[in-house]
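Undergrad: coordinates only, sequence not included:
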């Protein structure tokens, strides 16, 4: 089924990386200021242990394999933004 509306973002990296820390702050902000769910696409190999349902009840984590980086398939990591939008199944989303 589809979400009627949600926040959508994407991330990859170790739990201590700056990008995962920024995503954690975004998740906290959405939970503090909104009742909408937040869908986070994890294109990395590890999910931060702090991202629990008890801590973030409106967090939906979806895992996806990263894109191959070998030639001729070199793509920017930011191509995952489009992937996350298309795979999120959100009718009205904020990226």
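TA: The structure has been received and is ready for your questions. Because the structure is a prediction, the values reported are computed rather than measured. Numbering: from 1, shown residues only.

Undergrad: confirm that residue 61 sits in a strand.
TA: Yes: assignment of residue 61 by DSSP: H, G, I helix; E, B strand; the rest coil places it within a strand.

Undergrad: isn't it right up against residue 40?
TA: Yes: using CB atoms under 8 Å, residue 61 makes contact with residue 40 at a distance of 5.3 Å. Where you see a C-beta, it was placed from the backbone N, CA and C, and this is true even at glycine.

Undergrad: overlap in contacts, the two.
TA: Residues touching both residue 61 and residue 40 by CB atoms under 8 Å, 6 or more residues apart in numbering: residue 51.

Undergrad: quick check, residue 83 in a helix?
TA: Yes: assessed by three-state DSSP, residue 83 belongs to a helix.

Undergrad: would you map the helices across this protein?
TA: Per DSSP state H, the chain carries helices over the ranges 18-33, 79-87.

Undergrad: would you single out the least confident of those helices?
TA: Among these, helix 79-87 has the lowest mean pLDDT, at a mean of 87.

Undergrad: rewinding a little: out of the helices of the chain, flag the one nearest residue 10.
TA: Closest to residue 10 of the helices of the chain, according to CB to CB: helix 79-87, at 4.2 Å.

Undergrad: okay, the helices of the chain in JSON lines with mean neighbour count and distance to residue 3 next?
TA: Formatted as JSON lines, these follow (neighbours: other CB atoms under 10 Å; distance: least, CB to CB, whole Å):
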{"stretch": "helix 18-33", "mean neighbour count": "15", "distance to residue 3": "13"}
{"stretch": "helix 79-87", "mean neighbour count": "15", "distance to residue 3": "12"}
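
Undergrad: for this structure, which spans come out with low pLDDT?
TA: Under the criterion pLDDT under 70, the flagged ranges of the chain are 71-73.

Undergrad: thinking again about what came up before, residue 61 and residue 40: which is more packed in?
TA: Of the pair residue 61 and residue 40, residue 40 is the one with more neighbours under other CB atoms under 10 Å, namely 26 against 16.
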